[in-house]
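Enquirer: Sequence and computational prediction follow.
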Amino acid sequence: MNPADLRTLPLFASLTDDELARVSRWADDVDVPAGRHLVEEGSWPWEFFVILEGEAEVLREGEHLADLGPGDFFGEMGVREHQQRSATVVAKTAVRIGVMLERDFHEMEEEMPAVASMITTEIEQRRTR
């Protein structure tokens with residue numbers, strides 16, 4: 001993934017160029033067509049996602065919960081706590097997403113604990129919103 005793409009995302013905006021370069025090696029940039037299910041409610045998590053371009057919809061038991069757009073992320077709670085997915089996320093438009101596998105997230109935690117702590121803080125703040 002291009003570190004410049006990460007720089008545009010609030011989750012990573014405060015990182016240094018060196019930190020962005022290191023984080024980008026753990027993430028892949030993926031194009032997904034409209035209508036594709038990105039995660040399924042009840043499935044086990046193996047990755048978390050950041051939307052770079054496009055829009056996605058969050059559903060629980062078929063009911064609309066939220067719309068997501070550039071800068072929004074999802075799947076991180078399942079990866080951090082290894083719990084089943086609590087919702088389905090579907091691409092409303094074609095989307096470009098950054099994807100980090102669970103094992104890479106944990107490697108980042110080991111190699112860059114300050115960055116992992118910052119992401120964890122953002123995750124915790126998100127839970128209280």
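Expert: Noted; the coordinates are in hand.

Enquirer: ranges for the helices of the chain?
Expert: Secondary structure of the chain (DSSP state H): helices located at 3-7, 17-24, 76-81, 102-111, 113-127.

Enquirer: Tell me which of those helices approaches W44 most closely.
Expert: Nearest to W44, of all the helices of the chain, is helix 76-81, at 7.5 Å by C-beta to C-beta. C-beta here means a position set from N, CA and C on the backbone, and glycine is covered the same way.

Enquirer: low-confidence ranges in the protein?
Expert: Along the chain, the model assigns pLDDT under 70 to residues 123, 126-129.

Enquirer: give the contact list for the residue nearest the centre of the chain.
Expert: Centroid-nearest residue in the chain: F49, 2.5 Å away (criterion: C-alpha atoms, centre = their mean). Neighbour list for F49: L38, V39, F73, F74, G75, V89, I97, G98, V99, M100 [criterion: C-beta atoms under 8 Å, 6 or more residues apart in numbering].

Enquirer: try E41
Expert: With C-beta under 8 Å, 6+ apart, E41 has these contacts: L59, R60, E61, R85, S86, A87, T88.

Enquirer: and those residues as CSV, adding neighbour count and distance to L9?
Expert: As requested, the contacts of E41 are arranged in CSV below (neighbours: other C-beta atoms under 10 Å; distance: C-beta to C-beta, whole Å):
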residue, neighbour count, distance to L9
L59, 16, 23
R60, 13, 25
E61, 8, 29
R85, 18, 22
S86, 15, 22
A87, 19, 21
T88, 19, 23
